[in-house]
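A.B. asks: Just to be clear, the model below is a prediction. Sequence and coordinates:
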Amino acid sequence: MLVKRDSQLSVFLRSVPIFHDLKPSSMDQLCDYLEEQVWDVGEQIFGEGDTFSEGDSGRRMYILREGEVEVLRRASSGHVISIVRLGPGETFGEMALVELQSRSATVVVRKKARTYSLTNLDLFTLYRTDPNAYVFVLQNICRMLSRRLRKADSRIVDYLDTTGGAAAAKLKAKAASKPKKAKR
């Protein structure tokens, strides 16, 4: 369900790390690109129906204004694992703007949510009309992704440490069994 943007949007967006350092005119332009949506509990933001949608093509990132969503990922065993729950002011789907690859997870609404979305085409338009704002937004996305990667690295190390090396040996064996890509 699409809804009309409210007058406090730019105030809210200034609290979102991806939009820090934008000039007021750049923020106004960005606000014009955003699409607001309201989601009910249980709805999947990525994908349709009851299937988990990892692998769907993604061309849109989301900013969560209200509510809560859960990021889920299917393990190689088939079990669905909760990666994180996100709340107001947090973002998800940014990798779709940076690498234009399939979704790596599924996002499900846990508390009624209101989101704003930005597409890769919106980001390209920003690049063409306001290159400085584009650089700030992209740099902030990269910073956020880097923070998340550091956190994931810490979790992996802690997991490997608590399993006494058994998990590390299992991961090493799994990596060794994957066929190597031929270099050109």
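C.D. replies: The structure has been received and is ready for your questions. Source: prediction; values computed, not measured. Numbers count the residues shown, from 1 in each chain.
A.B. asks: C-alpha only now, for contacts and for neighbours.
C.D. replies: Noted.
A.B. asks: residue ranges with poor pLDDT in the protein?
C.D. replies: For the chain, the stretches with pLDDT under 70 are 1-7, 47-57, 165, 167-168, 179-184.
A.B. asks: One more pass at 90, please.
C.D. replies: Judged by pLDDT under 90, the chain has its weakly predicted residues at 1-11, 14, 20-21, 28, 45-60, 73-81, 93-106, 120, 148-149, 151-184.
A.B. asks: can you give me the helices for it?
C.D. replies: Under the criterion DSSP state H, the chain contains helices at 9-14, 24-33, 95-99, 120-129, 131-162, 166-177.
A.B. asks: which helices and strands does the fourth one pack with?
C.D. replies: Counting contacts by 3 or more Cα pairs under 8 Å, 6 or more residues apart in numbering; DSSP states H and E, the secondary-structure elements packed against helix 120-129 are helix 95-99, helix 131-162.
A.B. asks: and what of the first one?
C.D. replies: The elements that helix 9-14 packs onto, with contact taken as 3+ Cα pairs under 8 Å, 6+ apart, are helix 24-33.
A.B. asks: Give me the helices and strands touching the helix it packs on, please.
C.D. replies: helix 9-14.
A.B. asks: Tell me which of the helices of the chain lies nearest to residue 86.
C.D. replies: helix 131-162 (12.8 Å; Cα to Cα).
A.B. asks: Please state the offset of that closest one from the chain centre?
C.D. replies: On the basis of Cα atoms, centre = their mean, to the nearest Å, helix 131-162 sits 11 Å off its chain's mean C-alpha point.
A.B. asks: Enumerate the positions of it that are buried.
C.D. replies: Across helix 131-162, burial judged by 16 or more other Cα atoms under 10 Å covers 133-134, 136-138, 140-142, 144, 160.
A.B. asks: now the angle from that helix to helix 120-129?
C.D. replies: Relative orientation of helix 131-162 versus helix 120-129 (axes from the mean of the first three to the mean of the last three Cα atoms, to 10 degrees): 130 degrees.
A.B. asks: Taking helix 166-177 as reference, get the angle to helix 131-162.
C.D. replies: 120 degrees.
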